[in-house]
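[1] I would like the atomic coordinates for the input below:
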Amino acid sequence: MSEWTDILDGLTDQITLLKELGLRTVELDPAVIRALGRRAAPAADATRPPPDSQPPTVPAPIAPEPFTAPRVAPIEETQALSPEARRAALDELAARIASCTACPLHQSRNRTVPGQGNFNSPDILFIGEAPGAEEDQQGVPFVGAAGQLLTRMIAAMGYTRDQVFIANICKCRPPRNRPPTPDEAAICLIYLRQQIRLIRPKTIILLGGTAIKALLDTQVGVNRIQGEWTQYEGIPVMPTFHPSYLLRFEPAKRDAWQALKRVLAHLGKPVPSSSR
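    From the prediction side, this is the model:
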């Protein structure tokens, strides 16, 4: 791994942290910018092709295949489904996700990650941002370090992963774990909306700014809306921090736990004695 790769990885992590904190601008010392420009400038002879050389042939871009959006069934139609029909509809949707080529993310994925858990009106549907490297390999949501923390959060609420449903805004891993672009999120949101109508969760917990902005169609940052009830299609929604952010910023865990306790109170569930 090169020095520049390490620098870019660190910069990506820092920008993601600032984004989670709700910041939209940063100030840089002009001297830092000039120094980076000097380091990035290539040697003069490396920028000039030989006099008689021909320009390289650039392959034409591959046009994406036409995207046929899945039908989002009316709420009253999905409410009448039996558990068996609900499972079959979700399996069919997962198959469509696995073959989706509507955005560039399909070009680098190993496996799609549609979601996992109780599909029959669970108490809680957790929605995160997008799969990471381990999720991309296993096809299961939240199995990396952030996933291990989410599993502990779920257990602290008195549930297991099999009793809730866990999904993401995007079903494919963005390169280098970057946030999904608005276009990528918009395409995958069609699948997620259909999942929500089929699963019929009693509450939704949105994990992090990307999930909040995509599902609620808002530009409000996570810090402003964290811990405050809102709703999606009549379903109570509790926004809070993403587990990956909690791993980097420990003090936010207390606020996230308060949000989870509000969900338990809404569901009429006591806080487990081991979590008090």
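
[2] now the strands for the protein?
    Applying DSSP state E to the chain gives strands spanning 116-117, 124-128, 165-168, 203-207, 230-232, 235-240.

[3] For Asn223, which of these is the nearest?
    strand 235-240 (10.1 Å; CB to CB). C-beta here means a position set from N, CA and C on the backbone, and glycine is covered the same way.

[4] residues making contact with the closest one?
    196, 201-207, 211-212, 215-216, 222, 225-231, 255-256, 259-260, 262-263, 266 (CB atoms under 8 Å, 6 or more residues apart in numbering).

[5] rerun that using 6 Å as the cut-off
    With CB atoms under 6 Å, 6 or more residues apart in numbering as the contact definition, strand 235-240 has outside contacts at 203-206, 212, 225-226, 229-231, 256, 259, 263.

[6] And stretch 182-192, by the same measure?
    Ala69, Ile97, Ala102, Cys103, Leu105, Ile169, Cys170, Lys171, Ala214.

[7] Go through the residues you listed and name the one nearest Gln116.
    Nearest to Gln116 among the contacts of stretch 182-192, counting by CB to CB, is Lys171 at 12.0 Å.

[8] Run through the helices of the stretch 101-250 of the chain in chain order.
    133-138, 145-156, 182-199, 209-216, 222-225, 243-248 (DSSP state H, counting those that start in this stretch).

[9] and those helices, which is most packed in?
    helix 209-216 (a mean of 24; mean count of other CB atoms under 10 Å).

[10] which of the contacts of stretch 182-192 count as buried?
    Ile97, Ala102, Cys103, Leu105, Ile169, Cys170, Lys171, Ala214 (16 or more other CB atoms under 10 Å).

[11] Dump those to a markdown table, plus distance to Val140 and pLDDT.
    What follows is those, written out as a markdown table (distance: CB to CB, whole Å; pLDDT from 0 to 100):
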| residue | distance to Val140 | pLDDT |
| --- | --- | --- |
| Ile97 | 14 | 96 |
| Ala102 | 22 | 95 |
| Cys103 | 21 | 94 |
| Leu105 | 17 | 96 |
| Ile169 | 16 | 97 |
| Cys170 | 15 | 97 |
| Lys171 | 12 | 98 |
| Ala214 | 21 | 96 |
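
[12] Give me the neighbour count for Gln79.
    Neighbour count for Gln79, taken as other CB atoms under 10 Å: 11.

[13] and if you look at Ser99?
    8.

[14] that older thread, any idea which of the contacts of stretch 182-192 is closest to Val271?
    Among the contacts of stretch 182-192, and counting by CB to CB, the member closest to Val271 is Ile169, at 28.6 Å.

[15] So that closest one is in contact with Ala214, correct?
    Yes - judged on CB atoms under 6 Å, Ile169 makes contact with Ala214 at a distance of 4.7 Å.

[16] And the spatially closest residue to Gln163 that is not a sequence neighbour, what's its pLDDT?
    The shortest distance from Gln163 to any non-neighbouring residue, by CB to CB, 6 or more residues apart in numbering, is to Asn118 (5.4 Å). With respect to pLDDT, Asn118 scores 97.

[17] these two touch, right, Asn118 and Ile166?
    No - using CB under 6 Å, Asn118 is not in contact with Ile166, being 9.8 Å away.
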